[in-house]
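Novice: sharing a model prediction with you, sequence too.
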Amino acid sequence: MIDKIKRIMADHQANAITEQKKYAVLLPLVKVDDAIHVLYEVRSHRVSQPGETSFPGGAVEAGESFLEAATRETEEELRIDKKAIQILGEMDYIVTQAHIIRCFVGWLPDSEVARLKPNEEVEGVFTVPLDYFLNHDPKYYEVRLKMEQDDDFPFELISGGNQYKWRNINQCIPFYDLTDHYLWGYTAHLTHRFSELIKEGTFEIE
């Protein structure tokens, strides 16, 4: 039996037990008046979370990599040629029980923001100078998620029964104080982490 288990484990590729949806986004950098800006999209009423600020991106389709998904979605949403996107690298990403969001930094040297004509998923685009994020951190607010069980939950099968001390989940959600746009949640998380990487000298952008 041990030999059989050994063979099974030798061929097994470890993966997450829970099924997580995979998403990829691009953090686009553009030049505006000789300064580097971060470009954002405003989601249209044709997609979920209309009016929210996001980066170009979406679900990873079967057979494609995270990078391919980020590039494809950017190409579709901003209607630009993928050859116009210079990938500078991948930054830290977000993992939850439900999904993985991987983020790539892209430089769009030839894209004029005023000339972009996004597709129907995008209500509009706007930019924020990178210097703003290097000098302003977001404010984090805590959200507490409480564990609740169904009526038929088998408390009799666990130590402590219905007095079991469940651990509630606390999340800190970042908000940037922008005058004309919302910037919070995952997009703000990625923006903040990117600004930290720049300040730490992880990336060098000229």
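Specialist: Arrived safely. Numbering: from 1, shown residues only.
Novice: list the buried residues for stretch 86-101?
Specialist: Buried residues in stretch 86-101, counted by 16 or more other CB atoms under 10 Å: M91, Y93, I100, I101. C-beta: built from backbone N, CA, C; applies to glycine.
Novice: for stretch 132-145, same thing?
Specialist: Buried, per 16+ other CB under 10 Å, within stretch 132-145: F133, P138.
Novice: and what of stretch 41-60?
Specialist: For stretch 41-60, by 16+ other CB under 10 Å, it's E41, V42, R43, E52, T53, S54, F55, P56, G57, G58, V60.
Novice: reformat those as CSV; add secondary structure.
Specialist: Formatted as CSV, the buried residues of stretch 41-60 follow (DSSP: H, G, I helix; E, B strand; the rest coil):
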residue, secondary structure
E41, strand
V42, strand
R43, strand
E52, coil
T53, strand
S54, strand
F55, coil
P56, coil
G57, strand
G58, strand
V60, coil
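Novice: need the max-distance pair from these.
Specialist: Farthest pair in the buried residues of stretch 41-60 (CB to CB) is V42 and V60. Separation: 23.1 Å.
Novice: before we move on, back to that, which of the buried residues of stretch 86-101 sit farthest apart?
Specialist: Checking those with CB to CB, the most distant pair is M91 and I100, at 13.8 Å.
Novice: what's the closest of the buried residues of stretch 41-60 to I2?
Specialist: When the buried residues of stretch 41-60 are compared for distance to I2 (CB to CB), V60 wins out at 37.7 Å.
Novice: from R7, how far off is that closest one?
Specialist: Distance, V60 to R7, using CB to CB, to the nearest Å: 31 Å.
Novice: so which elements touch the longest strand seen in the chain?
Specialist: Counting by DSSP state E, the longest strand found in the chain is strand 21-32. Judged by 3 or more CB pairs under 8 Å, 6 or more residues apart in numbering; DSSP states H and E, strand 21-32 is in contact with strand 35-43, strand 57-59, helix 66-78, strand 99-107, strand 122-129, helix 185-200.
Novice: let me see the mean pLDDT of the following helix or strand past the fifth one.
Specialist: The first helix or strand that comes after strand 122-129 along the chain, using DSSP states H and E, is helix 130-135. What helix 130-135 shows for mean pLDDT is 96.
Novice: show residues contacting helix 130-135.
Specialist: With CB atoms under 8 Å, 6 or more residues apart in numbering as the test, helix 130-135 has contacts from L29, A35, I36, H37, V38, Y176, T191, H192, F194, S195, I198, K199.
Novice: from these, which two are the most distant?
Specialist: It's A35 and H192 that sit farthest apart of the contacts of helix 130-135, by CB to CB, at 19.6 Å.
Novice: so for those two, which residue has more residues nearby?
Specialist: Comparing A35 with H192 by other CB atoms under 10 Å, the one with more neighbours is H192, at 18 against 11.
Novice: that one: what's it in contact with?
Specialist: Applying CB under 8 Å, 6+ apart to H192 gives the contacts F133, D137, P138, P174.
Novice: and for L108, nearest residue in space, chain neighbours not counted?
Specialist: Once flanking residues are discounted, L108 sits nearest to V30: 5.0 Å by CB to CB, 6 or more residues apart in numbering.
Novice: typed the wrong thing, it's G58
Specialist: E73 (4.4 Å).
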